[in-house]
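Peer 1: Next one to model:
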Amino acid sequence: MNECPSCGRENPEDARFCSACGARLAGPARVAREERKIVSVLFVDLVGFTARSESLDPEDVRAIQSPYFQRVRAEIEECGGTVEKFIGDAVMGVFGAPVSHGDDPERAVRAALGIRDCIAELNEQHRDLDLQVRIAVNTGEAIVALDADASQGEGFVAGDVVNTASRLQGLAPVDGVLVGEETYRSTKRAIDYRPVDPVSLKGKSAPVPAWIALAASTQPGERRPEPLPIVGRDHELDVLRRMWHQVVAEQRPQVVTVFGAAGIGKTRLASEFSETVDESGGRALRGRSVPYGEQTIYGAFAQHVKQMTGIFDSDLAEEAWRKLQDATATLLGEAEAGEVAQHVGSLLGLEPEGSAARRDELFYSARRLVEEVARRQPTVLVFEDLQWADAATLELVESLAARVRDVPLLVLALARPELLEHRPAWGGGLPGYTALPLEPLGPAQSQELANHALMAARAAGYDAEAIATTSEGNPLFIEELAASLLETAGGGRGELPTSIRAIVSARLDALPAAERAVLLDASVVGRVFWRGALEAMGSGGERLGQLLDALEGRDLVRREPVSRLVGEQQFVFKHILIRDTAYATLARPARRDRHAAVARFLEEKTHDGLAAASALAQHWLEGGDKGRAAEFLVVAGDQAGRGWAKGEAVEYYRQALAVLPEDDRERRRDITRRQAVALQALMHVADAELLGRRGVAAADDQF
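Peer 2: Residues are numbered from 1 along each chain as shown. All right, here's what the predicted structure looks like:
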């Protein structure tokens, strides 16, 4: 039972208020679950409304605020954000928590622009409102309380990113959107901005860079491409070109799905292939599914139809309907055109007069239109980002692929592997179906693209090999890492760019909860980890083996055939970026407990740590036991010294002295003595090397 702290009355466990005196109940004790996440915070506030409210009746105030709050909430939630709180006339929205989407800064800015526009619409609809707003968006790391209930007014995001967003909002122009530096960096390829002078914010030691968001320049989830050459995709391009020549020569439709992770280059491959199609006399039509915003059923196919019939998004419904009728009449003849136009118009949402048709009739009309377009000119229908498509679109694509006959048509679908999670039988049974996986670039290809990206970023001379290694062969990551180098050189912290961390975080957040928890635990061990270490943390329980197998099946980790620890299954993260992003998600208290468990496991498995001294030192240090960390740093220093790695020995002793308290004089004296001996040996090594070089030079002079 839940006892009231005020009157002592016992209440049900789930009661929030006392049934006797009405006092708020503490509720059952719960352990707070927290994670570190990159979030984008949106603040919007009415301008001058407090003074205006002073002369209004409370009901009039509510009548003004209600549509404002409703529209603001709708814009935030439509873009995948969460309304964290209402503060007077202000609204705070959060993107990236509790779940990351991979493009949360862009979602936040699009929501802000949508709020700006919808306030203007409200004013047009209700002339007496005359509302004005200031809006700001800021991006950064925050602590997220996973158990907080935003619907009950519980704040779930904390950090400087929130305070800065609030301060920026106060300085935003009236009916304008002001964004911070990290938001700008993450969205500048999707949003048009106007720079402003850095702004002075309370609590900030230096002016903060800021930009005014003007308008979106791409569709949701899409970026303006960088002018870089395509690298390492010759094989995939050859496959597509051969299939296209076969389609044209044999008049036999083909279906290809290019599978690949976010940023791997699917769109770039399709663009390069489309140029081949155009050059050969064919036509490539592009349709794209979007992750949020103005999502319409059959949206990607509707874009194809608009290109076939000359319809523009700006056309009024009557004009679009006329163009559709004219195009179908030209393609199909008067006898068939009326019904086809009626049905295809329904797919486009033009809603011409007439009763609703059955789905098979709609799909047949779509097929007839596509067949006649391809009969007149060889055609490629590109369906981009099919993993975001609605079920109806997927069914339409499968229907076209299965039933279109005897015309030169290639259906090219681009999708992330998530498509197969909710559509595992995709492509099964379709005639002429090919799945084309797009793998990461190899080391040489990655370095070649990194050199191009560095030149484009005006950062030539930086380490292209390091970028290639860190990127794990992902072209988008290569571009983002190259672009971030100049920012890092200018005083940045050298961390992963927000865009990369966000994409990886979104992949982790999409995992089932139990698998994600095991992956986060494994990240504490390092890129290489052992099942026993996870068991020591209590990770996964009885399902640990099953969960590890599932993570391997998702290509996130791999089991290695040989283990460095006898009798222990050894695993490795597929990419270091996955490990680093997972580890960055854990809050410090969660890291500390797990590091201590890993340290105890390694001590037991490595004969009191002699074979893993440096790793143990790090785990004990992160686990909060500086004394144990110092012990193993000394062991690591001794081992390095015996191996004549005197420089490393000196460094280990220095680290040991840095973690020991000043009053531990005896241990500090012992370590200082060892450090002095290593330093002396190090100087002798340097002297010996110098004498050796002089001896070689003298010998050369004699000949």
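Peer 1: Count the neighbours of the residue lying closest to Ile76 once chain neighbours are set aside for me.
Peer 2: What sits nearest to Ile76 in space, not counting adjacent residues and going by C-beta to C-beta, 6 or more residues apart in numbering, is Gly93, at 4.0 Å. Heads up, the C-betas are built off the backbone N, CA and C, glycines and all. Residues within reach of Gly93, counting by other C-beta atoms under 10 Å, total 27.
Peer 1: Show the contacting residues for Gly93.
Peer 2: 41-44, 72, 76, 81-84, 108, 111 (C-beta atoms under 8 Å, 6 or more residues apart in numbering).
Peer 1: Apply 6 Å and report the result again.
Peer 2: Counting by C-beta atoms under 6 Å, 6 or more residues apart in numbering, Gly93 touches 42, 76, 81, 83.
Peer 1: need the next SSE after the strand or helix carrying it, C-terminal direction.
Peer 2: Counting by DSSP states H and E, the element that carries Gly93 is strand 90-95. Downstream of strand 90-95, the first helix or strand assigned by DSSP H and E is helix 104-125.
Peer 1: which stretches of the stretch 151-300 of the chain have low pLDDT?
Peer 2: 151-154, 294-295 (pLDDT under 70).
Peer 1: and Lys202, how many neighbours does it have?
Peer 2: Lys202, neighbours per other C-beta under 10 Å, totals 8.
Peer 1: Help me confirm that Ala357 is found in a helix?
Peer 2: No. In this structure, Ala357 is coil, not part of a helix, as judged by DSSP: H, G, I helix; E, B strand; the rest coil.
Peer 1: Let me see the contact set for the nearest residue to it once chain neighbours are set aside.
Peer 2: Leaving aside its chain neighbours, Ala357 sits nearest to His343 (5.4 Å; criterion: C-beta to C-beta, 6+ apart). Residues near His343 by C-beta under 6 Å, 6+ apart: 357, 361-362, 365.
Peer 1: host element of His343?
Peer 2: helix 334-348.
Peer 1: now do Arg286
Peer 2: Using DSSP H and E, Arg286 falls in strand 283-288.
Peer 1: can you pull out the helices in the stretch 551-700 of the chain?
Peer 2: For the stretch 551-700 of the chain, helices defined by DSSP state H, counting those that start in this stretch occupy the ranges 576-585, 588-605, 613-622, 626-642, 646-659, 665-702.
Peer 1: what's the angle between the second one and helix 626-642?
Peer 2: So that's helix 588-605. Counting by axes from the mean of the first three to the mean of the last three C-alpha atoms, to 10 degrees, helix 588-605 points 50 degrees away from the direction of helix 626-642.
Peer 1: one step back: for the residue nearest to Ala357, report the pLDDT, please.
Peer 2: If you check His343, the pLDDT there is 92.
Peer 1: can you tell me how far it sits from Arg233?
Peer 2: His343 sits 38 Å away from Arg233, going by C-beta to C-beta, to the nearest Å.
Peer 1: Can you tell me who Val208 pairs with across the strands?
Peer 2: Val199 (DSSP bridges).
Peer 1: got a list of what it touches?
Peer 2: 198-199, 201.
Peer 1: ok, it to Pro512 distance?
Peer 2: 40 Å.
Peer 1: With Glu75 instead?
Peer 2: From Glu75 to Pro512 the distance is 31 Å (C-beta to C-beta).
Peer 1: More neighbours: which of the two?
Peer 2: Counting neighbours by other C-beta under 10 Å for Glu75 and for Pro512 shows that Glu75 has the greater number, 25 against 10.
Peer 1: I'd guessed that one sits against Leu113; true?
Peer 2: No. In this structure, Glu75 is not within contact of Leu113 by C-beta atoms under 6 Å, at 8.9 Å.
Peer 1: Do you have the strands of the stretch 451-600 of the chain handy? List them.
Peer 2: 528-530, 557-559, 570-573 (DSSP state E, counting those that start in this stretch).
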